[in-house]
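> here is a sequence with its predicted model. Questions after.
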Amino acid sequence: MKNSTSRTLLACLGLALGLASALPAAAQWKWKDSAGKVQYSDRPPPSTVPERDILQRPSNVRSFAPAPVTETPASPAAAASAPGVDKDLEARRRAEEQARQAKEKAEKDKVAQARAENCARARNYMQTLDSGVRIARTNAQGEREILGDEARAAEAARTRELIAANCD
């Protein structure tokens, strides 16, 4: 008799534990996503889900407060750090953005300076071409040759293109 009582008591205890552990599973959310598919979760739906698409809430939740959207930390080490992770992450992102903007500005300044130098050289060369002074250059064989009228006209046209491309 004692053996059957302990079995019954053990069965009741097991049943009670099973029911107690099943209670949190009953706290389910049910909603339709943007594609119209029904979704189930133990967490509230994203804030993008309209109130009318929420089909079921856990019984202990009266009003819907959307789950906060949090960004994942850049590294697991950052996730394990102190509660100020979001502030640190945001500060790091701002610093990276400022560094990127500074780099872009430096690159733009470098390009602008090179264009200004090219413009000055091209204008100076155009003045030399327009002055009528003899211009000599070295050919592929290393010999010096003087520009004729056709070569001077071609050089002037090329220089005008450089001025148009590099001067504002």
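Perfect, thanks for sending it. Residues are numbered from 1 along each chain as shown.
> C-alpha only now, for contacts and for neighbours.
OK.
> the biggest helix by length in the chain: what's the following helix or strand?
Longest helix in the chain by number of residues, with DSSP state H as the criterion: helix 85-131. Sequence order places strand 136-138 as the next helix or strand after helix 85-131, per DSSP states H and E.
> quick one: strands adjacent to that next one?
strand 144-146 (antiparallel) (DSSP bridges).
> residues in contact with the strand it pairs with?
134-139 (C-alpha atoms under 8 Å, 6 or more residues apart in numbering).
> mind putting those into TSV with neighbour count?
Listed next are the contacts of strand 144-146 as TSV, based on neighbours: other C-alpha atoms under 10 Å:
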residue	neighbour count
Arg134	11
Ile135	12
Ala136	11
Arg137	11
Thr138	10
Asn139	10
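> could those go into CSV alongside pLDDT and distance to Ser34?
Putting these into CSV (pLDDT from 0 to 100; distance: C-alpha to C-alpha, whole Å) gives the following:
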residue, pLDDT, distance to Ser34
Arg134, 90, 76
Ile135, 89, 73
Ala136, 88, 74
Arg137, 87, 71
Thr138, 90, 72
Asn139, 89, 71
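> contacts only, for Ile163.
119, 122-123.
> which one of the residues you listed is nearest Gln39?
Cys119 (63.8 Å; C-alpha to C-alpha).
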